[in-house]
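Peer 1: Below is the sequence, then the predicted model.
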Amino acid sequence: MAAQRPPFAPSPAPEAAVYVISVAAELTGLHPQTLRTYERLGLITPGRTGGGGRRYSLRDIEKLRSIAELTSSGIGIEGVRRIVELEHQAAALAARNAELQAELDATRAALRQALVARQAEAGPNRLPVLRATPTDASVVVWRRGR
């Protein structure tokens, strides 16, 4: 009796470098030499096997398709390189923005917690040091005039 195989094979992770250059070329519609050129120009960096063979991931395939689309629309290779660089910078800035937003949210939560603790200890304050706005979009710091 033959071993039962699952009805479908799981897809590799998007960053798993599994496709040889001929398969990557077929999936993107590009010539293998074009893929080598794009690598030499630094537009793509495929993984390598122990013997030095190139292995492309699904992300690499998507990036190659994007590059092919840009070049077919008339953008030169230097323009493509700049676009790829700017996309990388935009992704890095978006990630940093998300980090800063998370830090801001944590700071706001800590301030709210400190306010609740202070009010519980001292009772209601006539002039609170920290007061959250009704929309909870910002924090107001009050100081007594001299």
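Peer 2: Yep, that arrived.

Peer 1: counting contacts, what elements does the longest helix seen in the chain pack onto?
Peer 2: The single longest helix within the chain, with elements called by DSSP state H, is helix 77-122. Here helix 77-122 is seen to pack against helix 58-72, strand 130-132 when contacts are counted using 3 or more CB pairs under 8 Å, 6 or more residues apart in numbering; DSSP states H and E. C-betas here are computed from N, CA, C, even on glycine.

Peer 1: Least confident of those, on average?
Peer 2: Between the helices and strands packed on helix 77-122, the one with the least mean pLDDT is strand 130-132; it has a mean of 51.

Peer 1: can I get the helices and strands packed on helix 77-122 in a markdown table with distance to Thr107?
Peer 2: Below are the helices and strands packed on helix 77-122 laid out as a markdown table (distance: least, CB to CB, whole Å):
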| stretch | distance to Thr107 |
| --- | --- |
| helix 58-72 | 34 |
| strand 130-132 | 12 |
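
Peer 1: So in this structure, where's the weakest helix or strand by average pLDDT?
Peer 2: When each helix and strand of the chain is scored by mean pLDDT, DSSP states H and E, strand 130-132 comes last, with a mean of 51.

Peer 1: Could you confirm Gly74 falls within a helix?
Peer 2: No - if the criterion is DSSP: H, G, I helix; E, B strand; the rest coil, then Gly74 is coil and not within a helix.

Peer 1: can you offset everything so residue one is 36?
Peer 2: Okay, residue one is now 36; in that scheme the one you just asked about reads as Gly109.

Peer 1: Give me the distance between it and Tyr54.
Peer 2: 28 Å (CB to CB, to the nearest Å).

Peer 1: and what of Thr72?
Peer 2: Where Tyr54 is concerned, Thr72 sits at a distance of 18 Å (CB to CB).

Peer 1: out of the two, which sits in the busier spot?
Peer 2: Set Thr72 next to Tyr54 and count neighbours by other CB atoms under 10 Å: Tyr54 wins out with 22 against 14.

Peer 1: Hmm, Ser92 and that one touching each other?
Peer 2: Yes - with contact defined as CB atoms under 8 Å, Tyr54 reaches Ser92; the gap is 7.3 Å.
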